[in-house]
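S.K.: could you work out the structure for the sequence below:
(4 chains)
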There are 2 protein chains.
Amino acid sequence: MELAGAAKSAKDPDQPVSIEEDGADFDEAALRRAMELLFFAYRDFTGEADALLARYGFGRAHHRVIYFVGRNPGITVSELLAILGITKQSLSRVLGQLMDGGFIDRRPDAQDRRLRRLHLTPEAAALERTLTERQSRFIAAACFKAGPSAAAGFEAVLRAMINPDDRRRVGCE
Amino acid sequence: MELAGAAKSAKDPDQPVSIEEDGADFDEAALRRAMELLFFAYRDFTGEADALLARYGFGRAHHRVIYFVGRNPGITVSELLAILGITKQSLSRVLGQLMDGGFIDRRPDAQDRRLRRLHLTPEAAALERTLTERQSRFIAAACFKAGPSAAAGFEAVLRAMINPDDRRRVGCE
DNA sequence: GCATATATGTCAATATTGCTGACGTATTTT
DNA sequence: AAAATACGTCAGCAATATTGACATATATGC
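M.R.: Presented below is the predicted three-dimensional model:
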């Protein structure tokens, strides 16, 4: 991933080369630009919440857990692992830190007591709201600048980029 | 960063709350969805090139360097640091590995010999083309699925998200 | 020429976030 | 009773980033 080059592509005569994709032509320069934009945009977007998280001694991994548990109260450890796409051992450390700090509450399920259901504490819920609001404003500002039609296209392309499993998790559509 | 909740937001009555932004209203649920989509889409996008990079023993940091040096032949170390947004010490290790492996060529500038101008070797240029093609196809496929108008909106919103300094580096527009 | 600023490199220590493998334990299902 | 499931944990490792401190080469201003 990564990528995004920089300004002066200079060197080549810049003849519009194209890449075939299912019969559609997209300009190579436009594709490169999109890759670069995605890199910079994601970097700026993720930088939005970091200062606040640092005040709690948390990083992005903690943010992800807080966000997903907040959006899915009672989610199990397995489900959370599937969403995050990391290993049990990786999650374990972060989850342990959050529980030690009183941000996550873990209780056995009533029916199947092997399952641990995760919930945010009130303190974590407040933090989650603040973080989400901050990042929402960032997205909203960009969508406002670009206009509602562009915002719809933005969402459509993102949706087309993600795999079906993840797609099912977003937007319920 | 991060974010993206999961499916069942269930709990709340889902009355469309909105967030004010410069006079524009955006549905809170739509903003959340956009945040989540960005998280998943970027994750899938960045996963595209990893297998190939692994064959060289490289990671994402190496990819970034190869990409930006490829797009900016003769870029200096300082300029590269500014683009990547990392520290000199962090870059130093990755750059050293790339030079050891014969992927990056570093030569003093003719006028100001404090400057080290960076170039890709032919081998690195070939790798860069392969990686970029792979990721371009990924973006192109999504743009094709979503349609040309959506693709334009996608680019417009991304452009609005990044700060002016970075914006100057992309697309020359 | 001297002082200072710039561009770069490097050493050491640390943090975050991920990985794999190997076990252990509780609980449910068969 | 046996097997599968859900989870936790210990130990080690790797990639990517951080900060601070210091060294060197070169350029620029006076």
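S.K.: which strand or helix spans A:Asp105?
M.R.: If you go by DSSP states H and E, A:Asp105 is part of strand A:104-108.
S.K.: if you could redo that for A:Pro73, that was the one I meant.
M.R.: Assigned by DSSP H and E, A:Pro73 falls within no helix or strand.
S.K.: residue contacts, A:Ser90?
M.R.: Counting by C-beta atoms under 8 Å, 6 or more residues apart in numbering or on different chains, A:Ser90 makes contact with A:Ala61. No exception for glycine: its C-beta is placed from N, CA and C like everyone else's.
S.K.: do a quick rundown of the helices in chain A.
M.R.: Assigned by DSSP state H, chain A shows helices spanning A:28-54, A:60-71, A:77-84, A:88-100, A:122-146, A:148-161, A:164-169.
S.K.: quick one: neighbours of A:Pro164, just the number.
M.R.: For A:Pro164, the neighbour count with other C-beta atoms under 10 Å in any protein chain shown is 6.
S.K.: meant to ask about A:Tyr42
M.R.: A:Tyr42: 24 neighbours (other C-beta under 10 Å).
S.K.: chain neighbours aside, what residue packs nearest to it?
M.R.: Using C-beta to C-beta, 6 or more residues apart in numbering or on different chains and skipping the chain neighbours, the partner closest in space to A:Tyr42 is B:Tyr42 (4.8 Å).
S.K.: is it true that that neighbour touches A:Phe40?
M.R.: No - at 11.7 Å, B:Tyr42 does not count as touching A:Phe40 under the criterion of C-beta atoms under 8 Å.
S.K.: related to what we said a few turns ago, quick one: pLDDT of the residue nearest to A:Tyr42?
M.R.: We have a pLDDT of 90 for B:Tyr42.
S.K.: next one: A:Ala152
M.R.: On the pLDDT scale, A:Ala152 gets 95.
S.K.: burial measure for A:Asp44, as a count.
M.R.: 18.
S.K.: can I get the helices of chain A in a markdown table including distance to B:Asp105?
M.R.: Below are these laid out as a markdown table (distance: least, C-beta to C-beta, whole Å):
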| stretch | distance to B:Asp105 |
| --- | --- |
| helix A:28-54 | 22 |
| helix A:60-71 | 35 |
| helix A:77-84 | 40 |
| helix A:88-100 | 37 |
| helix A:122-146 | 38 |
| helix A:148-161 | 34 |
| helix A:164-169 | 40 |
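S.K.: TSV for those helices, including distance to DNA strand C?
M.R.: Putting these into TSV (distance: least, C-beta to the nearest atom of the strand, whole Å) gives the following:
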stretch	distance to DNA strand C
helix A:28-54	8
helix A:60-71	3
helix A:77-84	7
helix A:88-100	3
helix A:122-146	13
helix A:148-161	19
helix A:164-169	15
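S.K.: what's the least confident stretch among the ones you listed?
M.R.: helix A:164-169 (a mean of 74).
S.K.: buried residues in that helix, which are they?
M.R.: Residues A:Asp166, A:Arg167, A:Arg169 are the ones in helix A:164-169 that count as buried (16 or more other C-beta atoms under 10 Å in any protein chain shown).
S.K.: how about stretch A:117-125?
M.R.: Those would be A:Arg117, A:Leu118, A:His119, A:Leu120, A:Ala124, A:Ala125, for stretch A:117-125 by 16+ other C-beta under 10 Å.
S.K.: same check, this time on stretch A:33-41
M.R.: By neighbour count with 16+ other C-beta under 10 Å, stretch A:33-41 contains the buried residues A:Arg33, A:Ala34, A:Met35, A:Glu36, A:Leu37, A:Leu38, A:Phe39, A:Phe40, A:Ala41.
S.K.: can you give me the mean pLDDT across the strand holding A:Asp105?
M.R.: Mean per-residue pLDDT for strand A:104-108: 96.
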